[in-house]
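**Student:** No letters, just coordinates:
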């Protein structure tokens, strides 16, 4: 019997898009001249609904006793708290149903920007979320491009932080004239990300220094680097209101860039994000599908998607078979 027979994939009835892509992912992996089916498993049948008082009612319609459970949860910008509570309830349901091991696949980790005590009497909410997941009964966490890498240390259970970089590299090579491009970091915190991509593409990179008057509002931006006659590729871990990206595009064009493309891992796209993109000088904004934004694609022709379901499917297969996932840090599965 194949080892994959003891895997159960679970997702809520809302935002199932990524979970369905992961479940249908069929790729042959060659090791010692043997072909092993990665997944190709149907999603587990569940019932999830809201009661009249808005409480969550959840049940699993098939046995998960002594199974390895992988709960794929997409958390979008408008319903973070609801989706987080649903995830906690699903984890606890699997735990009380005697699942052998429960892994939460959370591509966009909620509250990741609240990772430190940056002012008096402020909580470290990312640590609180980690504690809640552990208390609910999770055994393992899979996430992608954490806003702050130290969040991995917030968990009392193993946590794998995957990277979108290999998928971004593939997109750049296949869709952009990258030999005439330059990588741009929109802030000092993302310089390492931009430098890593620039090294692998053998390109230069530039940096935009920004000063904020208040959260989500940039007051001043200064470009460090030469972008003259180059395609500027802005890389970042997340795009929220996209105000920073719009202002960065203006700065880059004023300094001689001939085109500006933004590539981000988590397309949160909250508030006036779509309006900001449509009214900006950005030629394209590319996001992975860690956050569901299918409806927003219809409102903004400049949006494009990088599918990371293959990375998640391969990480699930490797974890289940006891293999290393570090291969995925620099390689994108076919």
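**Tutor:** Right, received. Where do you want to start? Predicted model, so just to flag it, every value in this text is computed and none were measured. Numbers count the residues shown, from 1 in each chain.
**Student:** When you work out contacts or count neighbours from here on, use the C-alpha atoms and nothing else.
**Tutor:** OK.
**Student:** For this structure, which segments count as helices?
**Tutor:** Listed in chain order, the helices of the chain (DSSP state H) span 17-23, 80-96, 125-136, 165-175, 191-201, 243-254, 273-278, 294-299, 309-320.
**Student:** What helices and strands are in contact with the last one?
**Tutor:** Counting contacts by 3 or more CA pairs under 8 Å, 6 or more residues apart in numbering; DSSP states H and E, helix 309-320 is packed against helix 17-23.
**Student:** Which elements pack onto the helix it packs on?
**Tutor:** Counting contacts by 3+ CA pairs under 8 Å, 6+ apart, helix 17-23 is packed against helix 309-320.
**Student:** Report the angle between the helix it packs on and helix 165-175.
**Tutor:** 150 degrees (axes from the mean of the first three to the mean of the last three CA atoms, to 10 degrees).
**Student:** and helix 309-320, which residues are buried?
**Tutor:** 309-318, 320 (16 or more other CA atoms under 10 Å).
**Student:** what does stretch 298-305 give?
**Tutor:** Quick answer for stretch 298-305 (16+ other CA under 10 Å): 300, 302-303, 305.
**Student:** in the stretch 151-300 of the chain, which ranges drop under the pLDDT threshold?
**Tutor:** 211-219 (pLDDT under 70).
**Student:** rerun at 80
**Tutor:** 210-220 (pLDDT under 80).
**Student:** circling back: tabulate the buried residues of stretch 298-305 in CSV, adding columns for distance to residue 90.
**Tutor:** Output for these, formatted as CSV (distance: CA to CA, whole Å):
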residue, distance to residue 90
300, 34
302, 36
303, 32
305, 28
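**Student:** Nearest to residue 116, out of those residues: which one, please.
**Tutor:** residue 305 (30.8 Å; CA to CA).
**Student:** So that closest one versus residue 290, what's the distance?
**Tutor:** Using CA to CA, to the nearest Å, residue 305 is found at 10 Å from residue 290.
**Student:** coming back round to it: pipe the helices of the chain into TSV and attach distance to residue 159 per row.
**Tutor:** Formatted as TSV, the helices of the chain follow (distance: least, CA to CA, whole Å):
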stretch	distance to residue 159
helix 17-23	19
helix 80-96	16
helix 125-136	10
helix 165-175	18
helix 191-201	20
helix 243-254	30
helix 273-278	31
helix 294-299	28
helix 309-320	11
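**Student:** Report the beta-bridge partners for the nearest residue to residue 225 once chain neighbours are set aside.
**Tutor:** What sits nearest to residue 225 in space, not counting adjacent residues and going by CA to CA, 6 or more residues apart in numbering, is residue 206, at 4.6 Å. Taking DSSP bridges as the rule, residue 206 bridges to residue 184.
**Student:** Is it correct that residue 206 is in contact with residue 224?
**Tutor:** Yes. With contact defined as CA atoms under 8 Å, residue 206 reaches residue 224; the gap is 5.8 Å.
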